[in-house]
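A.B. asks: Sequence and predicted model, in that order:
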Amino acid sequence: MPPETSPPTLKLNVGRSALAHNWRTLDRLSGSARAGAAVKANCYGLGVDRCMPTLVEAGARDFYVAHWQEVPPLLTHVAPEQVSVLHGVLSTQEAACARSIGVRPVINSVTQAKLWSESGGGACDLMIDTGINRLGVAAEELAASEIQSLDVHTLMSHLACADEQSTMNARQLSLFQECLGAVAHKDSSLANSAGIALGPEYGFGLTRPGLSLYGGVPREELAQDIRQVASVSAAIIQTRMIEPGESVGYNAKFVAKRDMKVGVVSLGYADGILRGWGEGNAAFEHEGQALAILGKISMDMIVVDLSNAPPLTEGDWVELPYHLPNAAQKSGLSQYELLTILGHRFG
């Protein structure tokens with residue numbers, strides 16, 4: 001058995017000062033509203049224990065996850081009443097769990113509202129569908145007795161096209177404004193990260209940024225304010241010389257045209273670095289020098305050209321540039337995917 005202290009050969013680096021900066025920036029851009037934080041999917045793949053202390057210290061007080069199993073890790077950092085579960089309650093067991101812990105479910109349908117009330121009720125949030133047609137109560141259902149009997153803390157909806165110049169943004173804003181008087185509530189929320197950039201009228205009392213907390217830029221208006229949070233680095237585990245005509249990797253997609261020193265990097269698609277990164281689309285870096293990816297990315301390994309940094313050898317580290325807008329262009333993945341598919345082997 002390897003010792004538990006064996007050093008990792010790949011690292012996920014999370015810039016906590018950048019994360020704090022991003023939350024404070026989004027809070028400021030929210031105008032009179034305060035910014036919460038979407039921390040679902042293990043803080044978008046970057047780690048609850050890495051990110052939550054920084055978000056709390058920066059000033060965040062409202063946190064959102066999708067699934068009930070995401071709740072326990074948060075409760076070592078914040079009080080239960082600061083957490084909302086976006087998928088709501090689907091069973092009396094989930095409802096009992098919510099009440100016993102003190103976490104608020106986000107009610108998404110008349111059926112969920114009925115289940116929540118009949119199982120004991122209590123404070124909850126309510127999602128209204130204003131056009132995205134995912135989760136949420138339709139505007140015409142707000143008069144239902146099951147909805148009217150709820151103790152709603154935050155009345156919310158979700159924008160479908162906030163990352164685009166779409167007329168749907170104004171339509172959803174208008175419908176949400178019309179719905180505010182239909183249900184008693186303590187707070188209201190519409191804007192995600194991109195929605196914050198649409199202007200203060202989208203802020204209401206509370207915004208729910210997610211992607212931009214972690215370095216994503218869904219709208220150009222945020223490009224100058226949002227800082228990169230995550231970076232990925234990996235160790236070289238072998239170097240070799242190859243000659244003209246020799247190929248690299250699966251399906252021999254790369255064939256050398258000259259003598260080359262190459263390195264095998266301990267990283268691959270099992271770690272979330274998918275094959276779209278390869279085929280000449282991207283490069284690793286070392287001290288400002290680009291190290292081109294050669295051939296197909298493997299499950300646990302990537303071969304890179306060391307021509308620009310020939311002294312590199314086994315045990316040295318290289319970095320995969322992970323500025324999300326640029327990485328999305330190079331890899332063909334969305335900024336969301338780049339974060340949330342990162343694997344579990346990083347140190």
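C.D. replies: Structure received. Residues are numbered from 1 along each chain as shown.

A.B. asks: Nearest residue to the middle of the chain?
C.D. replies: Closest residue to the average C-alpha location of the chain: Y44 at 2.9 Å, with Cα atoms, centre = their mean.

A.B. asks: Wait, that one touches L338, no?
C.D. replies: No: taking contacts as Cβ atoms under 8 Å, Y44 lies outside contact range of L338: 9.6 Å. From N, CA and C alone the C-beta is placed, and that goes for glycine too.

A.B. asks: Next one, pLDDT for the residue nearest to the centre of the chain please.
C.D. replies: Reading off the per-residue confidence, Y44 sits at a pLDDT of 98.

A.B. asks: That one and H286, how far apart?
C.D. replies: 27 Å (Cβ to Cβ, to the nearest Å).

A.B. asks: for N326, same thing?
C.D. replies: Using Cβ to Cβ, which is the criterion applied here, N326 is 18 Å from H286.

A.B. asks: domains of the protein?
C.D. replies: Taking automatic domain parsing as the domain assignment, the record places the domains of the chain at 16-219, 230-340.

A.B. asks: wait, which of those is closest to L10?
C.D. replies: Ranking the domains of the chain by proximity to L10 (Cβ to Cβ) places domain 230-340 first, at 4.3 Å.

A.B. asks: gap between the closest one and the chain center?
C.D. replies: The gap between the average C-alpha position of domain 230-340 and the chain average comes to 24 Å, counting by Cα atoms, centre = their mean, to the nearest Å.

A.B. asks: do stretch 103-113 as well
C.D. replies: Here stretch 103-113 is found 23 Å from its chain centre; the criterion is Cα atoms, centre = their mean.

A.B. asks: Report the mean per-residue pLDDT for it.
C.D. replies: The predicted model assigns stretch 103-113 a mean pLDDT of 98.

A.B. asks: Determine how far the last residue of that stretch lies from the first.
C.D. replies: Distances were taken as Cα to Cα, to the nearest Å; on that basis the terminal residues of stretch 103-113 are 16 Å apart.

A.B. asks: Now do the SS call for the nearest residue to S91 once chain neighbours are set aside.
C.D. replies: Setting aside the residues directly before and after it, S91 is nearest to L115 in space (Cβ to Cβ, 6 or more residues apart in numbering), at 7.6 Å. Going by DSSP: H, G, I helix; E, B strand; the rest coil, the secondary structure assigned to L115 is helix.

A.B. asks: surely L115 meets Q93?
C.D. replies: No: L115 is not in contact with Q93 according to Cβ under 8 Å; the separation is 10.7 Å.

A.B. asks: So for the two, which residue has more residues nearby?
C.D. replies: L115 (20 against 11; other Cβ atoms under 10 Å).

A.B. asks: Return the distance of that one relative to I128.
C.D. replies: Look at L115 and I128: by Cβ to Cβ, they are 18 Å apart.

A.B. asks: re the thing from before, show me the contacts for the residue nearest to the centre of the chain.
C.D. replies: A38, G210, L211, L213, Y214, Y336, L339, T340 (Cβ atoms under 8 Å, 6 or more residues apart in numbering).

A.B. asks: Assess the claim that the first one and P209 are in contact.
C.D. replies: Think A38. Yes: here A38 reaches P209: they are 6.7 Å apart, a contact under Cβ under 8 Å.

A.B. asks: List the residues that are in contact with both of the two.
C.D. replies: Common neighbours of A38 and P209, counting by Cβ under 8 Å, 6+ apart, are N192.

A.B. asks: Which one of the two is surrounded by more residues?
C.D. replies: Using other Cβ under 10 Å, the more surrounded residue of A38 and P209 is P209, with 30 against 22.

A.B. asks: Which pLDDT does the model give the more buried one?
C.D. replies: At P209, the predicted lDDT confidence score is 98.
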